[in-house]
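Enquirer: Structure here, sequence nowhere to be found:
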């Protein structure tokens, strides 16, 4: 497993829709394919325009697919709510 930080910029007014998907059964099932959900930490900017998640990833290919639009489950919602995202690999120092 790798610790990964994902920072996503959201379109204005779409935080609730984004989180609704991420917490839905459909979203949770896709996220389980990517990472250990019990180790996920998330936060949101005060204006709700950005979200950040630290995740313990066990399938980096599935993570890329989930975010880049090639996953058929996440594609429709992410096209609607997301402006951009960045992925950072975390290393303990």
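Expert: Looks like it came in fine. Since the model is a prediction, treat every value here as computed from it, not as a measurement. Numbering: from 1, shown residues only.
Enquirer: Which parts of this structure are helices?
Expert: 15-23, 25-34, 60-68, 75-81 (DSSP state H).
Enquirer: ok, and for the first one, which residues are buried?
Expert: Neighbour counts using 16 or more other CB atoms under 10 Å place 15, 18, 19, 21, 22 of helix 15-23 among the buried residues. (C-beta placed from N, C-alpha, C; glycine too.)
Enquirer: try the longest one
Expert: Of all the residues in helix 25-34, those buried under the rule 16+ other CB under 10 Å are 27, 30, 31, 34.
Enquirer: again, but for stretch 80-90
Expert: Buried residues in stretch 80-90 (16+ other CB under 10 Å): 81, 82.
Enquirer: Report how many residues lie close to residue 13.
Expert: Neighbour count of residue 13, defined by other CB atoms under 10 Å: 10.
Enquirer: where are the low-confidence patches of this protein?
Expert: Within the chain, not a single segment meets pLDDT under 70.
Enquirer: I'd like to know how far residue 34 sits from residue 16.
Expert: For residue 34, the distance to residue 16 equals 22 Å [CB to CB, to the nearest Å].
Enquirer: show me what contacts the closest residue to residue 43 other than its chain neighbours?
Expert: Spatial nearest neighbour of residue 43, chain neighbours left out: residue 52 (5.2 Å); criterion: CB to CB, 6 or more residues apart in numbering. Residue 52 makes contacts with 5, 6, 7, 8, 42, 43, 44, as judged by CB atoms under 8 Å, 6 or more residues apart in numbering.
Enquirer: cool, and residue 48?
Expert: Shown in contact with residue 48 (CB under 8 Å, 6+ apart): 10, 15.
Enquirer: any idea how far residue 22 is from it?
Expert: With the distance defined as CB to CB, residue 48 ends up 14 Å from residue 22.
Enquirer: got the contact list for stretch 16-27?
Expert: By CB under 8 Å, 6+ apart, stretch 16-27 touches 8, 10, 28, 31, 51, 73, 74, 77, 80, 81, 82.
Enquirer: Would you reformat those residues as TSV and include distance to residue 59?
Expert: Converted to TSV, those look like this (distance: CB to CB, whole Å):
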residue	distance to residue 59
8	19
10	24
28	15
31	11
51	21
73	14
74	14
77	20
80	24
81	23
82	20
